[in-house]
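Novice: Everything below, folded, please.
(2 chains)
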Number of protein chains: 2
Amino acid sequence: MAAEHDRLMAIAIEEARAGAAQGEQPFGAVVALNGEVVVRSRSLKVSACDATAHSETLAVKYATQKLGRRTLPDCTFYATCEPCPMCLGAILNGGINTLVLGARNRDIKQLAKIAFNFNDYTVERFAEMTGWDLKVIEGVRTPECIELYATAAVELTR
Amino acid sequence: MAAEHDRLMAIAIEEARAGAAQGEQPFGAVVALNGEVVVRSRSLKVSACDATAHSETLAVKYATQKLGRRTLPDCTFYATCEPCPMCLGAILNGGINTLVLGARNRDIKQLAKIAFNFNDYTVERFAEMTGWDLKVIEGVRTPECIELYATAAVELTR
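Specialist: Residues are numbered from 1 along each chain as shown, chains lettered A, B, ... in the order given. So this is what the prediction gives:
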């Protein structure tokens, strides 16, 4: 599974980099089924002027539309960074129960350009609050993911 | 303010009813600025086969696009029911700090057709976790809002 997680996270990182190159915030996501990409996505928040167009929420939208069903319990979600509460709620609403993480919010909070802060929010605290049996796999390509945020051309604000 | 809240919640209720009439789940939302409607929205989850197309998340999307800015601290959000965690996260990402509620999740959980359950999630617990100074105004047209879910033709599932 480690090689599969590495391979799929690399695609999420490609999305984040491609987004950054077009002036977006460098977040990328992949929804996978049986080790194959269902959808890949980047943030469109800046270009769409849409506060909800985060890569992860878009990935849930695209995946449910593409597969033609609103719950995806057989899918695995890859995110270059710990999703914000909205995006984690989208993953919950999409019925996905396995989340693979690159960076953690606590990793990127230390970088100078980061302006958002969700207090003591973590995906685990959110899962506990909502009674969600979420499996979190972390540490996948973490240095590359942290590097995305260290070199971001766009300041990471709302 | 009470008359203004009543008037704007009535529009959110109209949206929820119009959605239900077209086979959607009966949730409605309004984003208002200075007492005027900026956008109004209903759920499109069923027709779009999109797990993220809740009325409230769509309202934030529409409002940020319409006003041409990604944060709306001067706006007030009206929801026929306490928003799910994804939608509350969308309101947080949209920089909105005042939320007016019709029904609470605890009210509609008691109705037979309700299948979702977010454990002990409330908007207040979410706000505390994320360090968000959210002003919640509740009890606006609550019986009408609860009635929306009691008579829902579509089962309230994901």
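Novice: Excluding chain neighbours, give the residue nearest to A:K61 in space.
Specialist: B:T52 (4.6 Å; C-beta to C-beta, 6 or more residues apart in numbering or on different chains). For every residue, glycine as well, the C-beta is placed using N, CA and C.
Novice: most distant residue from the middle of chain A?
Specialist: A:G68 (21.4 Å; C-alpha atoms, centre = their mean).
Novice: give the contact list for it.
Specialist: B:C49 (C-beta atoms under 8 Å, 6 or more residues apart in numbering or on different chains).
Novice: What does the pLDDT read for it?
Specialist: pLDDT for A:G68: 98.
Novice: With A:V136 instead?
Specialist: You'll see A:V136 listed with a pLDDT of 98.
Novice: and if you look at A:T130?
Specialist: As predicted, A:T130 sits at a pLDDT of 94.
Novice: Quick one: residues contacting it.
Specialist: A:L92, B:P85, B:F118, B:N119, B:Y121.
Novice: In ChimeraX, how would I select the buried members of the residues you listed?
Specialist: Buried subset of the contacts of A:T130, written as a ChimeraX selection, criterion 16 or more other C-beta atoms under 10 Å in any protein chain shown:
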select /A:92 /B:85,118,121
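Novice: closest to B:E15 among the contacts of A:T130?
Specialist: Proximity of these to B:E15 (C-beta to C-beta) peaks at B:P85, which lies at 21.0 Å.
Novice: hang on, A:G95 in a strand?
Specialist: No: applying DSSP: H, G, I helix; E, B strand; the rest coil, one finds A:G95 to be coil, outside a strand.
Novice: Can you give me the distance of it to A:T122?
Specialist: Noted for A:G95: a distance of 21 Å to A:T122, by C-beta to C-beta, to the nearest Å.
Novice: can you map out the helices along chain A?
Specialist: For chain A, applying DSSP state H gives helices covering A:2-21, A:45-48, A:55-67, A:85-93, A:105-108, A:123-130, A:142-150.
Novice: For A:F27, which non-adjacent residue is closest in space?
Specialist: The shortest distance from A:F27 to any non-neighbouring residue, by C-beta to C-beta, 6+ apart, is to A:S55 (4.3 Å).
Novice: ditto for A:M86
Specialist: A:M86's closest residue in space is B:G89 (C-beta to C-beta, 6+ apart), at 2.8 Å.
Novice: residues in contact with that neighbour?
Specialist: A:C84, A:P85, A:M86, A:C87, A:L88, A:G89, B:F126.
Novice: Which of the residues you listed are buried? Put it as a ChimeraX command.
Specialist: Listed next is the ChimeraX selection for buried residues among the contacts of B:G89, using 16+ other C-beta under 10 Å:
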select /A:84,85,86,87,88,89 /B:126
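Novice: Dump the contacts of B:G89 to CSV, plus pLDDT and distance to B:A2.
Specialist: Below are those laid out as CSV (pLDDT from 0 to 100; distance: C-beta to C-beta, whole Å):
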residue, pLDDT, distance to B:A2
A:C84, 95, 33
A:P85, 97, 30
A:M86, 97, 30
A:C87, 98, 35
A:L88, 98, 35
A:G89, 98, 30
B:F126, 97, 26
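Novice: among the contacts of B:G89, which two are most distant?
Specialist: By the measure C-beta to C-beta, A:C87 and B:F126 form the most distant pair in these, at 13.9 Å.
Novice: Need the pLDDT of the residue nearest to A:K61.
Specialist: pLDDT, B:T52: 98.
Novice: residues contacting it?
Specialist: A:T52, A:T57, A:V60, A:K61, A:T64, A:A90, A:N93, A:G94, B:M86.
Novice: Likewise for A:A127?
Specialist: For A:A127, the contacting residues are A:D133, A:L134, A:V136, by C-beta under 8 Å, 6+ apart.
Novice: got a list of contacts for the lowest-mean-pLDDT helix or strand in chain A?
Specialist: Lowest by mean pLDDT, DSSP states H and E among the helices and strands of chain A is helix A:105-108, with a mean of 86. Outside helix A:105-108, the residues within contact range by C-beta under 8 Å, 6+ apart are A:C81, A:E82, A:I114, A:F118, A:Y121, A:T122, A:T142, A:I146, A:Y149, A:L156.
Novice: filter these down to the ones close to chain B.
Specialist: The subset of the contacts of helix A:105-108 within reach of chain B, by C-beta under 8 Å from any C-beta of the partner chain, is A:F118, A:Y121.
Novice: among the contacts of helix A:105-108, which are in strands?
Specialist: A:C81 (DSSP state E).
Novice: Top of the contacts of helix A:105-108 by number of neighbours, please.
Specialist: A:C81 (28 neighbours; other C-beta atoms under 10 Å in any protein chain shown).
Novice: now it, which residues is it bridged with?
Specialist: A:A103 (DSSP bridges).
Novice: can you pull the pLDDT of it?
Specialist: 96.
Novice: quick one: contacts for it?
Specialist: Applying C-beta under 8 Å, 6+ apart to A:C81 gives the contacts A:F27, A:L101, A:G102, A:A103, A:R104, A:N105, A:I108, A:C145, A:L148, A:Y149.
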